[in-house]
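Model the following, please.
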Amino acid sequence: MLLNTKHFGQIEIDEKGIIDFPEGLPGFEDVKKFVLLSNTGDNYMFQWLQSVDKPDLTFVVIDPKYIKEDYEVEVPDEEIEELELDEKSDTTILSIVVVPEDIAQMTANLKAPIIINNINKKGKQIVLDCKDYNIKHYIMQELNQRGG
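As a prediction, this is how the structure comes out:
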């Protein structure tokens with residue numbers, strides 16, 4: 001399937017890779033279909049969650065373990081049921097990144113990760129009931145503190 005995107009131009013996507021967000025994402029409830037695009041350059045840790053429904057909408061995302069190695073998510077039971085997760089599920093956990101003009105101030109939302117069931121291609125952004133993570137976690141500050 002061909003997709004005309006704002007940031008990547010025309011790209012070919014595999015329809016089997018389309019992730020369904022039945023509720024959309026907060027603030028974008030009407031946008032339900034996305035694909036995950038990987039980076040092949042130097043910034044290997046960043047990926048893009050590209051909307052299929054609205055090709056001008058793309059989110060920069062990152063595996064939160066790149067930022068916080070001990071990052072753990074306790075997915076509430078209702079979300080487990082909704083995403084049809086079980087002990088055999090293959091999941092991807094991502095955090096949305098905000099990239100301001102001053103890249104040193106780049107943040108990741110560790111408080112509200114995106115959970116994707118890679119088997120049935122269902123996704124959802126959930127808000128964790130946890131005080132350990134922030135909506136604005138400074139990526140560069142974290143990497144500099146640990147020498148990465």
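
which residues does the most centrally placed residue in the chain form a beta bridge with?
Against the mean C-alpha coordinate of the chain, by Cα atoms, centre = their mean, the closest residue is L94 at 3.6 Å. Legend: beta-bridge partners of L94 under DSSP bridges are I114.

got the contact list for it?
When contacts are counted by Cβ atoms under 8 Å, 6 or more residues apart in numbering, L94 touches L36, Q47, L49, V61, I62, D63, P64, P113, I114, I116. Every residue, glycine included, has its C-beta placed from N, CA and C.

same thing with V61?
Applying Cβ under 8 Å, 6+ apart, the residues contacting V61 are L36, F46, Q47, W48, L49, L94, S95, I96, V97, I114.

Show the average pLDDT along stretch 137-148.
Stretch 137-148 carries an average pLDDT of 81.

So, low pLDDT: which residues of the chain?
Along the chain, segments meeting pLDDT under 70 span 40-43, 147-148.

can you map out the helices along it?
77-83, 139-145 (DSSP state H).

before we move on, back to that, which pair in the contacts of L94 spans the largest distance?
Distances among the contacts of L94 were taken as Cβ to Cβ; the most separated pair is L36 and P64, at 14.9 Å.

in the protein, which spans are strands?
2-5, 9-12, 19-20, 33-38, 46-51, 58-62, 91-98, 107-108, 114-117, 122-125, 137-138 (DSSP state E).

would CSV of the ones you listed with distance to P26 be doable?
Output for the strands of the chain, formatted as CSV (distance: least, Cβ to Cβ, whole Å):
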stretch, distance to P26
strand 2-5, 22
strand 9-12, 26
strand 19-20, 16
strand 33-38, 14
strand 46-51, 13
strand 58-62, 12
strand 91-98, 10
strand 107-108, 16
strand 114-117, 11
strand 122-125, 6
strand 137-138, 17
